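[1] Give the three-dimensional model of this entry:
(one chain, ligands or ions: 1)
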Amino acid sequence: MNPLPSSPTAHVSSQAPRFARIAGTGSYLPPRRLSNADMAALLAEKGLETSDEWIVERTGIRARHFVDDGVNSSDLALHASRAALQAAGRTADDVDLIIVATSTPDMVFPSTACILQQKLGVHGCAAFDLQAVCSGFVYALAVADSMIKAGSANCALVVGAEVFSRILDFNDRTTCVLFGDGAGAVVLEASAEPGILATELHADGRHVGILCVPGTVAGGQVLGDPLLKMDGQAVFKLAVGVLDSAARAVLEKAGRSAEDLDWLIPHQANIRIMQGTAKKLRLPLDKLIATVDEHGNTSAASVPLALDVAVKSGRVKRGDTVMLEGVGGGFTWGAVLLDF
Ligand code: ACO
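    Numbering: from 1, shown residues only. Below is the predicted model of the structure:
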């Protein structure tokens, strides 16, 4: 058994304050793209009606990507991770922590993070999954930030990866048109400069029932319903309130104000929720990064996917102040404020 992987040169003296900074981003979408017209045709085969007009007006979604049979979250995570490592100028050997945020793991166990580690061709570093549904990436980034600040990691691969197409009920038009598959990743490194300025995580288990996949595996059988259920209006109302309170709390913690923000990257579920959040912060809408139109809601993958698209398109640049926000099943929510 090899010892733990050697840490990358983190440029942090043992005396200096220690921060965590994003060194590179990456993302991956499976090639199969379904437009709203494709979804309408799929649902028509089941005797259900939907339309591009209804989906765009209510959600802002125009298309989503679905995996083919046999492709799992770890496969999407692998593509996104390789891209993030390349952008950071690192190799998988440099990584000493892997966290995969997912609600659609490859299997019950081992974790998708361990499967990803094996696919990256490395071994020895800590690897685990984190389950906070659509807030998963924000939770994972906050955990990696704490571990780096505590000195227990130097170079973390933080991934959101989902194959929500596997848990959609294609007989329920109120949910199946909303979600997509994909992965996003960042390399988070120890740094003498921030980096992540503040994080804010919350959950309220009183709302477990409004967004859930209430099935499980027992005795070789699937017990309960293994497909996604959502009370869309209840989620909508809660999401608008908690995204606003998390944004204000994380700004206050960091001693910053909304005027300091260059970019807001909220969970990509519904353009109306996202624009509502920006407006409450009095942010001009051109500071809002939105990829929900082309990705749909990719749950834990949505924030790192949107971040990578914004970085690759040249909008998010080094030194920009960025707020990431997650909200989802649990009910869970949180925010990360960072200087990119
Ligand atoms: N196509 C056509 N009509 C539809 C469809 C569809 N796909 N789905 C529902 N309808 C109909 C309904 O049946 C209803 O018809 P009725 O008035 O005759 O009964 C009508 O459209 C309105 O339905 P509502 O549910 O009231 O629509 P609403 O405006 O609330 O939009 C939506 C629904 C888009 C789901 C919205 O509530 C929403 O975005 N909620 C938040 C979802 C979210 O943010 N999730 C984030 C977390 S995800 C996670 O953690 C996994």
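
[2] Can you tell me how far the closest residue to V309 other than its chain neighbours is from R173?
    The spatially closest residue to V309, leaving aside those adjacent along the chain, is T291, at 5.2 Å (Cβ to Cβ, 6 or more residues apart in numbering). All C-beta atoms are positioned from the backbone trio N, CA, C, and that covers glycine. Distance, T291 to R173, by Cβ to Cβ, to the nearest Å: 23 Å.

[3] neighbour-wise, which of these two wins?
    Counted by other Cβ atoms under 10 Å, T291 and R173 do not tie: T291 has more neighbours, with 22 against 18.

[4] Name the next helix or strand downstream of the helix ranked longest in the chain, please.
    Counting residues, the longest helix found in the chain (DSSP state H) is helix 232-254. Counting by DSSP states H and E, the next helix or strand C-terminal to helix 232-254 is strand 263-266.

[5] and that next one, is it in reach of the ligand?
    No - shown here: strand 263-266 not in contact with the ligand (Cβ under 6 Å from any ligand atom), separated by at least 10.0 Å.

[6] Now do the buried residues in that strand.
    Buried positions in strand 263-266, judged by neighbour count with 16 or more other Cβ atoms under 10 Å: W263, L264, I265, P266.

[7] which residues are contacting that strand?
    Here strand 263-266 makes contact (Cβ atoms under 8 Å, 6 or more residues apart in numbering) with 243, 247, 273-274, 277-278, 281, 283, 287-289, 303, 306-307, 310, 315-316, 320-327.

[8] So which bits of the longest helix of the chain are buried?
    Buried residues in helix 232-254, counted by 16+ other Cβ under 10 Å: 232, 235-236, 238-240, 242-244, 246-251, 254.

[9] If we ignore the residues flanking it in sequence, what's nearest whichever residue of the stretch 101-250 of the chain sits closest to the ligand?
    Relative to the ligand, the nearest point of the stretch 101-250 of the chain is G232 (2.8 Å; Cβ to the nearest ligand atom). Among residues not flanking G232 along the chain, T174 sits closest, at 6.2 Å (Cβ to Cβ, 6+ apart).

[10] What pLDDT is listed against the one you found?
    With respect to pLDDT, T174 scores 98.

[11] is it fair to say it lies in a helix?
    Yes - T174 forms part of a helix when assessed by DSSP: H, G, I helix; E, B strand; the rest coil.

[12] Might one say that it is in contact with D231?
    No - if you go by Cβ atoms under 8 Å, T174 and D231 don't touch, sitting 9.4 Å apart.

[13] how about H79, phi and psi?
    Note on H79: backbone dihedrals following degrees, to the nearest 10 are phi -60, psi -50.
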